[in-house]
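*Asks:* mind looking at a prediction? Sequence and model below.
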Amino acid sequence: MRIEKFEDIIAWQKSGELSLAIYEKFKDNNDFAFKNQIQRATVSVMNILPRDLEGKAIKNLNIFYLLPKVLVEK
């Protein structure tokens, strides 16, 4: 799979789905501080990926393939 733009990264696509699910799940939650923190955290993934890719070579995207493996091993 060739990645030419951040929208091609599956992690970015899945983070969008996660954000929608989190907003839906917590829409009626009355703990506003907690809800706000969870919602901001899910949106930050979508915001960080494109920002980190600006001006960098596509070869640097390998981190997104290695990161899940590292997290699972911990």
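*Replies:* Done, it's in. Because the structure is a prediction, the values reported are computed rather than measured.

*Asks:* Asn29 reaches Gln39, doesn't it?
*Replies:* No - counting by Cβ atoms under 8 Å, Asn29 stays clear of Gln39, with 9.8 Å between them. No exception for glycine: its C-beta is placed from N, CA and C like everyone else's.

*Asks:* which one of the two has more residues nearby?
*Replies:* Counted by other Cβ atoms under 10 Å, Asn29 and Gln39 do not tie: Gln39 has more neighbours, with 17 against 12.

*Asks:* got any ranges where the protein has weak pLDDT?
*Replies:* Low-confidence segments of the chain, defined by pLDDT under 70: 1, 51-74.

*Asks:* and the lengthiest helix in it, what's buried?
*Replies:* Across the chain, the longest stretch assigned as helix under DSSP state H is helix 32-53. For helix 32-53, the buried set under the neighbour-count rule, 16 or more other Cβ atoms under 10 Å, comprises Lys35, Ile38, Gln39, Thr42, Val43, Met46, Leu49, Leu53.

*Asks:* hmm, the fifth one is touching Ser19, no?
*Replies:* Yes - if you go by Cβ under 8 Å, Val43 and Ser19 touch, sitting 5.5 Å apart.

*Asks:* for Glu17, give its distance to Tyr23.
*Replies:* From Glu17 across to Tyr23, the span is 11 Å (Cβ to Cβ, to the nearest Å).

*Asks:* so for these two, which sits in the more crowded spot?
*Replies:* Ranked by neighbour count (other Cβ under 10 Å), Glu17 and Tyr23 place Tyr23 first, with 14 against 10.

*Asks:* would you mark the buried spots in the helix or strand that Leu18 is a member of?
*Replies:* For Leu18, the element it lies in under DSSP states H and E is helix 10-25. Residues of helix 10-25 classed as buried: Ala11, Trp12, Ser15, Leu18, Ser19, Ile22 (neighbour count, 16+ other Cβ under 10 Å).

*Asks:* which residues touch the last one?
*Replies:* When you say that, I think you mean Ile22. Ile38, Gln39, Thr42 (Cβ atoms under 8 Å, 6 or more residues apart in numbering).

*Asks:* thanks a lot, catch you later.
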